[in-house]
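# A predicted structure for the sequence below; I have some questions about it.
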Amino acid sequence: MSTDDDNTGDNGKTEQDIQELKGHVEETVGKVYGDDELLAHGRADRAAAHAKRAASQVGEAARQLGQRVKERAMDKLGELHERLHEAADDKAEDEADDKAEDKKKPDA
């Protein structure tokens, strides 16, 4: 899932992908050379990349949910609008029928 917020480059990699790769490299180099600080920094970069990706996915899911709620609300408003017009039409017909009946009644 790629959105404008992912900052996707020409090669399709996102900031999160690059940060995760950087973290993986730092972690591996830290393991190979026994550099605990580099190892920890790599793990932190990978965790941050995962957190950013998760936040992006949550944001996209919220946007999609908002869109579905909006569409459903618009559908319900459309239905309500139709019902109101039907009720107004029914009322106008009833009033016309009442007037027609009043004209048919002989004046007493």
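That came through, no problem.

# any stretches of the protein with poor pLDDT?
Within the chain, the stretches with pLDDT under 70 are 1-12, 106-108.

# which parts of it are helices?
With DSSP state H as the criterion, the chain has helices at 15-33, 36-104.

# just those: most buried one?
helix 15-33 (a mean of 16; mean count of other C-beta atoms under 10 Å). (C-beta placed from N, C-alpha, C; glycine too.)

# and it with helix 36-104, angle?
What separates the directions of helix 15-33 and helix 36-104 is an angle of 160 degrees, with axes from the mean of the first three to the mean of the last three C-alpha atoms, to 10 degrees.

# and helix 15-33, what does it pack against?
Here helix 15-33 touches helix 36-104, going by 3 or more C-beta pairs under 8 Å, 6 or more residues apart in numbering; DSSP states H and E.

# for the helix it packs on, packing partners?
On a contact count with 3+ C-beta pairs under 8 Å, 6+ apart, helix 36-104 meets helix 15-33.
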